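Chemist: coords please:
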Amino acid sequence: NDLKEILNERFIFDDCKTLLIDGPWGIGKTTCVKDTIKSKNNLFFYISLFGKKTVDEVNTEVYKQVHRNK
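Modeler: Modelled structure (predicted):
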């Protein structure tokens, strides 16, 4: 519940542009973030750093998310 509150109050409505969420595997971090993003009419993008080893890999994923319709 704290994560949902932070996402809705601070991340969505404040000037916060990036959010790092840390916690044990399997507690629902990804699901919570994706559900919050979906409810905001695609105004936000979700990028996972899992498995990314270089900045180029992250940049490629950002590009793919921003330009999904191409």
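Chemist: within the helices and strands, which one has residue 65?
Modeler: If you go by DSSP states H and E, residue 65 is part of helix 55-66.
Chemist: what's in contact with that helix?
Modeler: With contact meaning C-beta atoms under 8 Å, 6 or more residues apart in numbering, helix 55-66 is reached by 45, 46, 47, 48, 49, 52. Any C-beta I mention is one placed from the backbone N, CA and C, and that applies to glycine too.
Chemist: please redo it, this time with the cut-off set to 6 Å
Modeler: 45, 47, 52 (C-beta atoms under 6 Å, 6 or more residues apart in numbering).
Chemist: one more: stretch 35-49?
Modeler: Stretch 35-49 has contacts (C-beta under 6 Å, 6+ apart) with 7, 34, 61, 62, 65.
Chemist: for it, give the mean pLDDT please.
Modeler: Per-region confidence: stretch 35-49 scores 76 on mean pLDDT.
Chemist: buried residues, it. List them.
Modeler: Residues 36, 37, 44 are the ones in stretch 35-49 that count as buried (16 or more other C-beta atoms under 10 Å).
Chemist: do stretch 54-70 as well
Modeler: In stretch 54-70, counting by 16+ other C-beta under 10 Å, buried: residue 61.
Chemist: just how off-centre is it within its chain?
Modeler: The chain centroid and the centroid of stretch 54-70 are separated by 13 Å under C-alpha atoms, centre = their mean, to the nearest Å.
Chemist: could you do stretch 23-40 as well?
Modeler: Stretch 23-40 has its C-alpha centroid displaced from the chain centroid by 8 Å (C-alpha atoms, centre = their mean).
Chemist: before we move on, what about stretch 24-43?
Modeler: The answer for stretch 24-43 is 7 Å, by C-alpha atoms, centre = their mean.
Chemist: let the chain start at 10 from now.
Modeler: Okay, residue one is now 10; in that scheme the one you just asked about reads as stretch 33-52.
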